[in-house]
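K.L.:
Provided below for reference: sequence and predicted model.
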Amino acid sequence: MSVGTLYPYCKAGEPTRTRVIVLLGLIKYFKLDVEVSDPDSHFPSEFVACRVPAFRYPCGKPLTESIPITLKLAELVSDKNVLFGDNSPAQRAEILGWMQIFNIELMNNVAVYLLQTLGTTKYDAESFDNSWKQVERQLSIIDAHLTKNTYLVGEKITLADLYCVPMLYKGLLLLWDPAFRARFPAVMRWFETVNKSPIFDGFFDNMKYATEYKRPQ
Ligand SMILES: N[C@@H](CCC(=O)N[C@@H](CS)C(=O)NCC(=O)O)C(=O)O
């Protein structure tokens, strides 16, 4: 029996979502015994927040939020040094810290002005400006760290890099023009290094960065 079912999509056939990219990569690369399902009789009905990724244990217990789901799948890989650096409590804690920074401080703010740019939510100048500033601030902090460090944690790629790189995907694709990207050279160097990991199975290979950005009115 599989260890559970991953629900990566809100609707069957939709494009792969940011927080799901690493999960599909981990399952495929490490041949994890996890089922991947389109919405079915369990999702979304048993998941109150109705968000993806979502995970369901064989007993029916739900697990929500991308960080715990990513950790759950990463723990299925038997050699702990592959994804958890030196597997020390210190590096494990750092990995979790970066995952939270990217998911909460960065991605949640990117989502605010991305959705307003796409017209999915109504344009609101105050929340737009505030989220834009927060993203700039976070990217500056990350860039400073990656100026001194090749990877987020330790000397090799860890789960932190693999979870966090996809968080830049939509920004680079749709929002951040060349002038904006040029302000964060270490972030760009890191993105272009880590996205070639075989775990992403070529997902980023044909990606084209935004050439211009038009703010909504
Ligand atoms: N904090 C949550 C955020 C999950 C989230 O916002 N997921 C988006 C897709 S990336 C979603 O399901 N949105 C609902 C929708 O688009 O219908 C997590 O880390 O899993």
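P.N.:
The structure has been received and is ready for your questions. Residues are numbered from 1 along each chain as shown.
K.L.:
rest of the way, CA atoms for contacts and neighbours
P.N.:
Noted.
K.L.:
need the next SSE after the helix of greatest length in the chain, C-terminal direction.
P.N.:
Secondary structure of the chain per DSSP state H: the longest helix is helix 125-148. Sequence-wise, the next helix or strand downstream of helix 125-148 (DSSP states H and E) is helix 159-164.
K.L.:
Name the SS class of Leu63, please.
P.N.:
Classification of Leu63 by DSSP: H, G, I helix; E, B strand; the rest coil places it in strand.
K.L.:
Tell me the bridge partners for it.
P.N.:
On the basis of DSSP bridges, Leu63 is bridged to Phe55.
K.L.:
any idea how far it lies from the ligand?
P.N.:
To the ligand, Leu63 is 10 Å away according to CA to the nearest ligand atom, to the nearest Å.
K.L.:
Next: Lys208.
P.N.:
20 Å.
K.L.:
List the residues that contact that residue.
P.N.:
Leu173 (CA atoms under 8 Å, 6 or more residues apart in numbering).
K.L.:
Same question for it, what's its three-state structure.
P.N.:
Applying three-state DSSP: Lys208 is coil.
K.L.:
Against Ser197, how distant is it?
P.N.:
Using CA to CA, to the nearest Å, Lys208 is found at 18 Å from Ser197.
K.L.:
picking up where we left off before, go ahead and name everything in contact with the longest helix of the chain.
P.N.:
Contacts of helix 125-148 (CA under 8 Å, 6+ apart): 105-106, 109-110, 112-113, 116, 152, 184-187, 190.
K.L.:
now stretch 89-101
P.N.:
Applying CA under 8 Å, 6+ apart, the external contacts of stretch 89-101 come out as Ile67, Phe84, Gly85, Leu152, Val153, Gly154, Thr158, Leu159, Ala160, Tyr163, Cys164.
K.L.:
which secondary structure element contains the first one?
P.N.:
Under the assignment given by DSSP H and E, the secondary-structure element containing Ile67 is helix 66-74.
K.L.:
quick check: angle from the very next helix or strand once past that helix to helix 125-148?
P.N.:
Next helix or strand after helix 66-74 toward the C-terminus (DSSP H and E): helix 89-100. Here the directions of helix 89-100 and helix 125-148 differ by 150 degrees (axes from the mean of the first three to the mean of the last three CA atoms, to 10 degrees).
K.L.:
Would you mark the buried spots in helix 89-100?
P.N.:
By neighbour count on 16 or more other CA atoms under 10 Å, the buried set for helix 89-100 is Gln91, Arg92, Glu94, Ile95, Trp98, Met99, Gln100.
K.L.:
got the angle between it and helix 66-74?
P.N.:
Using the same axes, to 10 degrees: helix 89-100 against helix 66-74 is 130 degrees.
K.L.:
How about helix 89-100 and the ligand, any contact?
P.N.:
No: using CA under 6 Å from any ligand atom, helix 89-100 stays clear of the ligand, coming no nearer than 8.8 Å.
K.L.:
What lies in contact with the helix or strand just after that helix?
P.N.:
Downstream of helix 89-100, the first helix or strand assigned by DSSP H and E is helix 108-118. Helix 108-118 has contacts (CA under 8 Å, 6+ apart) with 121-124, 127-128, 131-132, 134-135, 171, 174-175, 215-216.
K.L.:
and Ile142, how many neighbours does it have?
P.N.:
19 (other CA atoms under 10 Å).
K.L.:
measure it to the ligand for me?
P.N.:
Ile142 is 19 Å from the ligand, by CA to the nearest ligand atom.
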